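> Quick one: sequence plus predicted model below, questions after.
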Amino acid sequence: MCPVLLGVQFSKLRAFQAEFAVVFCVCAEQVLEQADYLYSCAETEKLYQLLLQYKDSEDAEYLWRLAWASRDLAVLPNTEAECKKQLMFKGFEYAKKALEKDEKCFAAHKWYAVCLSDVGEYQGVKVKIGNSYIIREHLERAVELNPKDATSFHILGHWCFAFAELPWYQRKVAAVIFSSPPKSTYKEALEFFLKAEEVDPNFYSKNLLMLGKTYMGMKDKEMALFFLTKAKEYPAHTLEDKEVHGEAVDLLKKLG
């Protein structure tokens with residue numbers, strides 16, 4: 001073949017490859033935008049079906065979203081117990097793969113931590129407490145990579161709150177198994193919940209609820225009433241918002 005013609009063909013091939021790459025990039029952006037839109041509308045099943053098409057993707061952006069969608073589908077009230085368990089473990093595998101593909105993706109660290117916590121519920125107290133060290137490490141890494149993500153601070157607050165309220169029998173198990181079992185305080189939990197509000201005020205009804213519960217734990221009735229009232233009055237767009245509303249109402253009754 002004439003070298004000149006060969007050069008022309010290679011030039012056309014490179015142009016086609018460049019064009020294809022641009023089209024693929026645009027398509028990828030559109031899929032991710034659609035996924036985020038479905039999440040904002042609480043269209044969990046549609047979100048899951050959309051992202052499931054990309055379960056073999058090498059892109060962490062698809063994979064961590066699929067982990068999150070799997071988890072959201074698992075916690076829907078009409079999801080059967082065995083299906084819920086399968087979705088939780090699948091979600092963890094997607095999050096793990098996302099982290100393997102991009103260690104610098106803050107969302108991969110965040111959802112790996114969340115999903116690891118979820119599967120720990122099926123693996124007993126020993127595994128659950130052992131996982132807690134890893135969970136905190138990944139949440140702290142998520143915050144380090146993106147200090148503007150309010151949900152990472154919220155989840156860290158939840159981690160601290162859980163260990164501040166750890167039942168006595170689990171503390172006993174932890175003390176027997178681990179030389180220095182994980183521990184935290186309401187004060188530490190409060191710092192993370194407040195930081196989440198600082199980053200993105202009123203972003204999440206559950207953060208307001210947890211602020212109220214944390215102040216209750218600290219015996220600060222005035223601040224507990226303030227945040228529980230905010231949680232109660234938060235617009236209920238999702239099932240979780242409705243659950244938060246109900247819990248806030250109950251806690252406000254207890255506080256009188």
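Received, thanks.

> Look up phi and psi at the closest residue to residue 217 other than its chain neighbours.
Using Cβ to Cβ, 6 or more residues apart in numbering and skipping the chain neighbours, the partner closest in space to residue 217 is residue 186 (4.4 Å). Using the backbone N, CA and C atoms, a C-beta is placed for each residue, glycine as well. With angles defined as degrees, to the nearest 10, residue 186 sits at phi -60, psi -40.

> Read off the pLDDT value for residue 186.
Residue-level confidence at residue 186 comes out at 97, pLDDT.

> list the contacts for it?
160, 161, 164, 214, 217, 218 (Cβ atoms under 8 Å, 6 or more residues apart in numbering).

> Of the residues you listed - the most surrounded one?
Most neighbours among these, by other Cβ atoms under 10 Å: residue 214, with 28 neighbours.

> can you give me the helices in the stretch 101-250 of the chain?
All helices of the stretch 101-250 of the chain, identified by DSSP state H, counting those that start in this stretch, fall at 106-120, 124-145, 150-164, 168-177, 186-199, 205-217, 221-233, 239-255.

> residue contacts, the most centrally placed residue in the chain?
For the chain, the residue nearest the mean C-alpha position is residue 111 (4.6 Å; Cα atoms, centre = their mean). By Cβ under 8 Å, 6+ apart, the contact set of residue 111 is 64, 67, 68, 71, 91, 95, 98.

> Any idea how far stretch 119-131 is from the middle of the chain?
From the chain centre to the centre of stretch 119-131 is a distance of 18 Å (Cα atoms, centre = their mean, to the nearest Å).

> then it to PDB, C-alphas only?
Output of stretch 119-131 as PDB, limited to C-alpha atoms (Å, rounded to 0.1, in the frame of the first residue of the first chain):
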ATOM      1  CA  VAL A 119     -22.400  -6.800  55.800                       C
ATOM      2  CA  GLY A 120     -21.000  -6.800  59.300                       C
ATOM      3  CA  GLU A 121     -24.500  -7.000  60.600                       C
ATOM      4  CA  TYR A 122     -24.700 -10.600  59.200                       C
ATOM      5  CA  GLN A 123     -21.300 -11.700  60.500                       C
ATOM      6  CA  GLY A 124     -21.500 -11.400  64.300                       C
ATOM      7  CA  VAL A 125     -20.400  -9.000  67.000                       C
ATOM      8  CA  LYS A 126     -16.700 -10.000  66.700                       C
ATOM      9  CA  VAL A 127     -16.500  -9.300  63.000                       C
ATOM     10  CA  LYS A 128     -18.600  -6.200  63.300                       C
ATOM     11  CA  ILE A 129     -16.400  -4.600  65.900                       C
ATOM     12  CA  GLY A 130     -13.300  -5.700  64.100                       C
ATOM     13  CA  ASN A 131     -14.500  -4.000  60.900                       C
END
